Each structure stands twice: as C-alpha cells, then as structure tokens.
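J.: no sequence for this one, just the structure:
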C-alpha cells in the first residue's frame, strides 16, 4: 500500500455509514483497515438494496450499492462477539492496532470487556473512537439514532427546503446522509489529531463523537446568524441568507446556479447581463444593500437571464470570473469534463464482477500518492488470513 498512512493499522468495529466512512478515508490514505462483521450477516448495509452489484455473468450478487460506497480498501473478518473466542480475537487485534472505530450503543462494549478503559491497559497507545447518536454522556446517551432523525433534531431540516408559503414548501432532508458523512469526516480528523498527539506524548486517547453534536456544529453561519441577532433562521429554498445574488434562476432552456460572492463579482455580473448601472445603484452596489432589496434586484435579473441558454450564460460568466453552473443530474456529474479529468471514478478489480467502479478520494498527494486496488471486501473474505496472523484458527 502507498499513501501517508501506510504505517497505520485500524480495527473497524463500526457499521452502516459514519464509522465505515471514516474507515474508508483511512484506508484510502493507505492504512490497513480490518473490518469486523457479524457472523453470516455482516454489515447491515450489505442488505440495503436494490441496487446490487451484478457478477461477470450478469447475475445479481449480495453486494449492495450502499455497502460498496463506503467499504473500499478494507479487510473483512467475520467474528461472533457474543462468544468468548470472538472477544478474545478483538483483544488480540487491539494489541496490534493504532486506531479502533466503533459505533455500538453506549456501554455495550464496556459490558463485553472491550471498552476503552479495558483495552488501554492492553495497548496504552490505542486511539479509540466512539461514534454514537448522542454521545457517551447526557440524557439521551443510550438512545439509537439515524442520519434522518438527526438532520431534523439538529436543525438542518429547519433551514433546508422552500418556505411554507411556496408550492412544495416544508422542511427537507439533504439528499445524501450528510450527518453520517460529516461524522465520519470528524472521526477521521479526530483520529489523525490523536495520532499526532500520540507522537508527542506516547499516550492514546478516547474520542467521544456524537452525531447530534456534529449536526449542531454544521449549522455554521446559520447558528451564528441566530446567536448574533436572536432571529431564528428559516427556510429560504436555494437563496443564501447572507450573500446575494445567490440562488437558482430560470434561463431560456432550464435553470442555472448563480453564486455572486462579493461586490467585485457583482460589477462583472451586472455588465454581463446588460445592466452595468446596477453596480452603482445604491440599492444594489453593496452586498448588504442587495440582501435588503433582493426582490427588486431579482425581477431585473430574471428578465435578463431569460434571454440566453444555460451553456451560454455559464460560458459568459466563466470568462469574467463569476461563479455559475448547471444543475447536473448524477449521470451528468460523471460526464462533466472536469470530473472526468480528475479521475474521480476508477475501476477496481472485484472477485465477483470482474471490476467495480468506485468514486475515489478527492485527496491527491504528490509525494505519497494514493492507490486504489482493493475493492470493498466480500463478507469474511480475510477472516482466515487475519486470524492466522494472530496465531489463531
């Protein structure tokens, strides 16, 4: 394996999305990631389909698209954690690993003798990352959680979607499990930060990561808008609460995303749409003024934008440095010339299908390049190999 983490071994006891997303990030960076799965059942997401991968003869396999999206580069080991032998395997592996990822309900692994306090006696350098819905403390610490409910509870859905006054208005979840993904990102960041601290102190650490905490942290500017003003943010559809004009606008053959980010860009934008006078009008010359007088500004914009196509406007705005773009469907995303140039989709050999396409990491290292030659593993594919390395049957 290449990559900056090729010297690191990870014991991944997590399943579903948040923990496995972290594990896949670490695997992409070169770490050896040992994924522990339930005997015969495996990760829940193996059954989360259709769609399922087809084998080389076109027959459906048991490898779901969901599972394949988040487990690249790992080794799968089937273990029955309800047995003393299974617990012994985890203890043995924890001696050899640098990072442990887990998303069991709070207290579950402690009761099995696999909590942080027990394992740090065996490996004081171990970095132990616990991912839960609500954290290891607090009144809801024992409760289970999924991305959808946390998007609602953490405030994200209250600022996502069109206002109630518009057709189709109402709270909406993000179209991907964004809290799970961001929790996985924070887990990777926290684990790597603990690794850096380990180099300085020689001591491991226990990371307590809550999906609800992550969702609250993700509120970012919307949270500070409320804290600073006392005004509760509301759903604005695609319109930005602080920077204008930023929205989805109709053009002659569809819709375009415009993201004018500052007054200088607005000057260029006004020239391109044929209204250079807007940049000197006191109602629109500054961002604060544009936010205040947005409805009046958008009437002028919509009339002007209706005269050209998506491609024409994108080209014109690109020439002057005004951010804009089409609203691509997923298939068009993968046909986007820039995405193709960056090789964001690559084929990896797969034992059932011959190959499986993967959306790879956006990280590119010049000195420690990432490689993609290990597909998401079959259930228990590496059990014999890993146990034999431990001297176990």
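T.: Arrived safely, thanks for sending. No experiment lies behind these values; they were computed from the predicted model shown.

J.: residue 143 - that's part of a helix, no?
T.: No. Counting by DSSP: H, G, I helix; E, B strand; the rest coil, residue 143 is not found in a helix; it is coil.

J.: distance check, it against residue 110.
T.: Applying CB to CB, to the nearest Å, the value for residue 143 to residue 110 is 17 Å. Backbone N, C-alpha and C define where each C-beta goes, glycine included.

J.: backbone phi and psi for residue 63, please?
T.: Backbone torsions of residue 63, given as degrees, to the nearest 10, read phi -90, psi 100.

J.: count of residues packed around the nearest residue to it once chain neighbours are set aside?
T.: Closest residue to residue 63 in three dimensions, ignoring its sequence neighbours and counting by CB to CB, 6 or more residues apart in numbering: residue 53, at 4.2 Å. Number of residues near residue 53 (other CB atoms under 10 Å) recorded here: 20.

J.: residue 295 too?
T.: Residue 295 - counted by other CB under 10 Å - has 7 other residues nearby.

J.: you'd agree it is in a helix?
T.: Yes. Judged by three-state DSSP, residue 295 forms part of a helix.

J.: if I look at it, how far off is residue 42?
T.: Distance, residue 295 to residue 42, using CB to CB: 54 Å.

J.: where does residue 77 sit: helix, strand or coil?
T.: Applying three-state DSSP: residue 77 is strand.

J.: what sits against it?
T.: 34, 35, 36, 37, 89, 380, 382, 383, 386, 387 (CB atoms under 8 Å, 6 or more residues apart in numbering).

J.: who wins for neighbours among these?
T.: residue 35 (30 neighbours).

J.: ok, now which ones touch it?
T.: Per CB under 8 Å, 6+ apart, neighbours of residue 35: 12, 20, 23, 43, 71, 74, 75, 76, 77, 377.

J.: pick out the most distant pair among the residues you listed.
T.: Of all pairs drawn from the contacts of residue 35, the one with the longest distance (CB to CB) is 20 and 77, at 14.2 Å.

J.: give me the residues contacting stretch 372-384.
T.: Counting by CB under 8 Å, 6+ apart, 27-28, 34-35, 37, 40, 42, 46, 62-63, 67-68, 70-79, 346, 348-352, 356, 358, 360 sit against stretch 372-384.

J.: those strands in the stretch 201-350 of the chain, which residues are they?
T.: Here the stretch 201-350 of the chain has its strands, by DSSP state E, counting those that start in this stretch, at 205-210, 246-251, 254-259, 324-326, 345-350.

J.: any buried residues in the fourth one, and which?
T.: Going back to what we said before, that points to strand 324-326. 324, 326 (16 or more other CB atoms under 10 Å).

J.: given that strand, what are its sheet partners and their directions?
T.: strand 254-259 (antiparallel) (DSSP bridges).

J.: so which residues of the stretch 51-200 of the chain form helices?
T.: Per DSSP state H, counting those that start in this stretch, the stretch 51-200 of the chain carries helices over the ranges 65-68, 84-96, 108-111, 116-122, 147-153, 178-201.

J.: now those in TSV, with mean pLDDT?
T.: Listed next are the helices of the stretch 51-200 of the chain as TSV, based on pLDDT from 0 to 100:
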stretch	mean pLDDT
helix 65-68	98
helix 84-96	96
helix 108-111	96
helix 116-122	98
helix 147-153	97
helix 178-201	98
